[in-house]
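# Provided below are the primary sequence and the corresponding predicted coordinates.
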Amino acid sequence: MKILLVDDEEKFVSALAQRLALRGFVAEWAVSGAEALAKASRTTFDLAILDVKMPRLGGVDLKRELSRIMPGTRFIFFTGHGSEDEFKVCSAEASCYLVKPMPIDELVVNIHRVMGISPKEN
């Protein structure tokens, strides 16, 4: 399974990609919406995990752009600044909404749930 991770915090997103790789996922990362769109124009991802609050192009708007480029891709949102209004918007746009930092095992469980796969099928 190929995953696109997008967060403007480079240390966080690169470490998360490494941790997912150790669990058998193929994970690429980007630190901006523009970088994510460029990657999505070159390859297709099964799942995109997007930070909600990013400069210029936030996660919800990025999700809409990515959906046009990669129909069929599933989405998970995460944020360090969760609010009830944000949760409502994100829940309507994605299959899952997580507050970071989240334990890697919690993220992996939600990836499996959103993708409808068993843990052995990465």
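In hand now; what should we look at? Computed from a prediction, not measured in an experiment: that's the story for all the values here.
# quick one, phi psi at the residue most central in space within the chain?
The centre of the chain sits closest to Ile49, judged by Cα atoms, centre = their mean, with a distance of 0.2 Å. When quoted as degrees, to the nearest 10, the phi and psi of Ile49 stand at phi -110, psi 110.
# what's the nearest residue to it if we skip its chain neighbours?
Nearest non-adjacent residue to Ile49, counting by Cβ to Cβ, 6 or more residues apart in numbering: Ile76, 4.6 Å away. C-beta coordinates here come from the backbone N, C-alpha and C atoms, glycine included.
# The one you found - that's part of a strand, no?
Yes: under DSSP: H, G, I helix; E, B strand; the rest coil, Ile76 sits within a strand.
# My guess is it contacts Asp51. True?
No: here Ile76 lies out of contact with Asp51, judged by Cβ atoms under 8 Å, at a distance of 10.5 Å.
# returning to that earlier point: now the residue nearest to Ile49: how far from Val60?
Separation of Ile76 from Val60 (Cβ to Cβ, to the nearest Å): 13 Å.
# out of these two, which sits in the more crowded spot?
For the pair Ile76 and Val60, the greater number of neighbours falls to Ile76 (24 against 18), based on other Cβ atoms under 10 Å.
# Identify the bridge partners of the more buried one.
Judged by DSSP bridges, the bridge partners of Ile76 are Ile49, Cys96.
# where does it land on pLDDT?
We have a pLDDT of 89 for Ile76.
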